[in-house]
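> quick one, structure for this:
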Amino acid sequence: MSTEMEDMDSEGPTIQELGTQFSGLLIHIQERLTILYKRIQKRVLQTAILVCVLLLLLWVAIFLYGSFYYSFMPTANFITPVHFYYSRTDCTSPHHSICSFPMANFSLLRNGKKQVMTYGQPYQITLELEMPESPANEQLGMFLVKMYCYSYEGQIIDTAARSTMLHYRTSLLQSLSTLMFSPLLLMGTAEQKQYILVELYSSYIDNSYKPTVGAVIEIHSQQVQIYKAQVYIHAHFSGIRYILYHFPIASAVVGVLSNFTFLSVLILISYLQVALGGIWPSQQVGKWNKERQRRADVPEATDQYETNTHPEDNSTGTKTHLLDASVMGPSDIKAYSSGKMEQSILDTGVEDNVETNDSRGLAEEQHVSEARNEETYLKLRFLSEGLPDVSTDPTDKAYYRTGTCLSS
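Numbering: from 1, shown residues only. Prediction:
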């Protein structure tokens, strides 16, 4: 029996092993949950930032459209009351106590500062007269209404005159109307009056050099009877202003969406430029910078080569002439020749390091420099061996170059 228990214990996992496996599983689950929590936290943070950016862009788009609408759209309607007065009441005539026509002066400035009418915008100016159906007005017939527009200096800019009268109604129609509306007339909710509309200007355009700040209305009749009067100024829009005024909701949606799209594209391009290294290939930019650096290094290498090719000794105040055999001895010529060859080899090595793949002019300059070095070396060689000077010999220089190469 004890043997069987020992076999079972040896076959199955121990409690310690189970505990180790269980703890490892818990640690693995904890790590997974931690990673998942960090991912969720990161996503939530990114979503919150994105929502804030979108809300900010939407607010900026609405603000831009509102600013554009406020600055672009002029005043559409303007209504102001007109109060008539008489300039003279001291008449000497016993039949008339009023010697002047009724007049009214009103301002065309909003709050005394901002002008009502915008420059270049046509306006319709209409006078509304509320007149009773009295016998005096019926007997008055036609009368004249005149309007004077003036500037800051009090100068009259424009004048308009229109005639009007009460609408005609027969005595029978007046009697029937009075009988029908008698309850309302008795209670005071209705009155026997007419509204007369006088269109003074159909398309008035304000002058930018002499803006209109006020107007005077004068009625050429001493017996006219008026309850009250008002001036209506209505703008006649065209083009974009017509669409913005008659379709405000559609215009607002299109304008806000356009601003939002434009701002979103700008933010997206900025994000790509900062986060992803730009939308242009970096290799192409590096190639342009490398080409620019190579072109800047070419003049420096050329100047260094010319300096090494023509050395001068300024310390003694005398110059060494390479082609004068009487000044330089054979040993000096040989030493100078060997030093010159080493220097020319070093200079040629410097030239070979310059990139001349895309510049044909630089390649031609290099060939010319090599030819000059070779010619100088040949002259020194001929002088050291006692041969005639190549520059004074009419024979072709290629012969001496070939002979020297064969002898060497």
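> the closest residue to Val53 other than its chain neighbours: which element?
Spatial nearest neighbour of Val53, excluding adjacent residues (CB to CB, 6 or more residues apart in numbering): Ile267 at 7.0 Å. Bear in mind the C-beta positions are built from the backbone N, C-alpha and C, glycine included. Element membership for Ile267 (DSSP states H and E) is helix 248-275.
> ok, Tyr168 next?
Counting by DSSP H and E, Tyr168 is part of no helix or strand.
> how about Ile196?
strand 193-205.
> now that strand - C-alpha only, CSV.
Taking C-alpha atoms only, strand 193-205 is exported to CSV below (Å, rounded to 0.1, in the frame of the first residue of the first chain):
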residue,chain,number,x,y,z
LYS,A,193,-56.5,105.6,-41.3
GLN,A,194,-54.2,104.7,-44.2
TYR,A,195,-50.5,103.9,-44.6
ILE,A,196,-48.9,105.8,-47.4
LEU,A,197,-45.6,104.5,-48.7
VAL,A,198,-43.4,107.0,-50.6
GLU,A,199,-40.3,105.5,-52.3
LEU,A,200,-37.8,108.3,-52.2
TYR,A,201,-34.8,106.3,-53.6
SER,A,202,-34.9,103.0,-55.4
SER,A,203,-31.1,102.6,-55.5
TYR,A,204,-29.2,105.0,-53.4
ILE,A,205,-25.4,104.5,-53.3
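> hmm, which helix or strand of this protein has the shakiest average pLDDT?
Evaluated with mean pLDDT, DSSP states H and E, the helix-and-strand set of the chain has its lowest mean pLDDT in helix 397-407, which scores a mean of 41.
> just want the angle from the very next helix or strand once past the strand holding Ile196 to strand 193-205.
Following strand 193-205 in sequence order, the next helix or strand is strand 214-220 (DSSP H and E). Using axes from the mean of the first three to the mean of the last three CA atoms, to 10 degrees, the inter-axis angle of strand 214-220 relative to strand 193-205 is 130 degrees.
> quick one: list the elements packing against strand 214-220.
strand 102-107, strand 143-150, strand 228-235 (3 or more CB pairs under 8 Å, 6 or more residues apart in numbering; DSSP states H and E).
> now the angle from it to strand 102-107?
Computed by the same axes, to 10 degrees, the angle between strand 214-220 and strand 102-107 is 170 degrees.
> residues contacting strand 214-220, please?
82, 84, 101-109, 127, 143-150, 226, 229, 231 (CB atoms under 8 Å, 6 or more residues apart in numbering).
> rewinding a little: other SSEs contacting the helix holding Ile267?
Looks like helix 248-275 contacts helix 15-72 (3+ CB pairs under 8 Å, 6+ apart).
> counting neighbours, what do you get for Ala215?
Residues near Ala215, counting by other CB atoms under 10 Å, number 24.
> then the one 10 residues further on?
Using other CB under 10 Å, the number of residues around Gln225 comes to 14.
> again, but for Asn137
Asn137 has 21 nearby residues by other CB under 10 Å.
> using CSV, list the CA coordinates for the one helix or strand it maps to.
If you go by DSSP H and E, Asn137 is part of helix 135-140. Output in CSV follows, covering the C-alpha atoms of helix 135-140 (Å, rounded to 0.1, in the frame of the first residue of the first chain):
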residue,chain,number,x,y,z
PRO,A,135,-61.8,115.6,-44.6
ALA,A,136,-58.7,117.8,-44.5
ASN,A,137,-56.5,115.1,-46.0
GLU,A,138,-59.2,114.1,-48.5
GLN,A,139,-59.5,117.7,-49.7
LEU,A,140,-55.7,118.0,-49.7
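> any low-confidence regions in the stretch 201-350 of the chain?
Applying pLDDT under 70 to the stretch 201-350 of the chain flags residues 277-350.
> in ChimeraX, how would I select just the buried ones from the contacts of strand 214-220?
Applying 16 or more other CB atoms under 10 Å to those, the buried members can be selected in ChimeraX as follows:
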select :82,84,101,102,103,104,108,127,143,145,146,147,148,149,150,226,229,231
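> quick one, phi/psi of Glu191?
Main-chain dihedrals, Glu191, degrees, to the nearest 10: phi -140, psi 160.
> Met103 touches Phe84, doesn't it?
Yes. Counting by CB atoms under 8 Å, Phe84 is a contact partner of Met103 at 6.4 Å.
> now for Ile156, how many residues are close by?
Neighbours of Ile156 (other CB under 10 Å): 12.
> residue contacts, it?
Tyr148, Cys149, Tyr150.
> out of those, which is nearest to Ile240?
Cys149 (27.7 Å; CB to CB).
> would you mind measuring from the closest one to Phe181?
Distance, Cys149 to Phe181, using CB to CB, to the nearest Å: 40 Å.
> tell me the domain ranges of this protein?
2-72, 77-236, 298-407 (automatic domain parsing).
> what about Met117, neighbour count?
For Met117, using other CB under 10 Å, the count is 24.
> pull the contacting residues for it.
Pro74, Thr75, Leu108, Tyr123, Tyr204, Asp206, Pro211, Thr212, Ile233 are the contacts of Met117 under CB under 8 Å, 6+ apart.
> touching, the third one and Val116? I think so.
Yes. Under the criterion of CB under 8 Å, Leu108 is in contact with Val116, at a separation of 4.9 Å.
> need the overlap of contacts for these two.
Taking CB under 8 Å, 6+ apart as the contact rule, Leu108 and Val116 both touch Phe78, Ile233.
> can you tell me which of the contacts of Ile156 is nearest Thr164?
Tyr148 (17.6 Å).
> what's the pLDDT at Gly120?
Here, the pLDDT recorded for Gly120 equals 85.
> burial count for it?
10.
> surely it is in contact with Asn207?
No. The criterion here is CB under 8 Å, and Gly120 misses it with Asn207 at 9.7 Å.
> neighbours around Thr14, how many?
Thr14 has 10 nearby residues by other CB under 10 Å.
> err, Ala235, not the other one
So Ala235, with other CB under 10 Å, has 20 neighbours.
> next one: it relative to Phe106, how far apart?
18 Å.
> do the same with His246
28 Å.
> can I get the helices and strands packed on strand 214-220 in a markdown table with distance to Gln273?
Formatted as a markdown table, the helices and strands packed on strand 214-220 follow (distance: least, CB to CB, whole Å):
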| stretch | distance to Gln273 |
| --- | --- |
| strand 102-107 | 55 |
| strand 143-150 | 57 |
| strand 228-235 | 45 |
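> any idea how far the closest residue to Leu57 other than its chain neighbours lies from Val60?
Among residues not flanking Leu57 along the chain, Leu263 sits closest, at 4.9 Å (CB to CB, 6+ apart). According to CB to CB, Leu263 and Val60 sit 6 Å apart.
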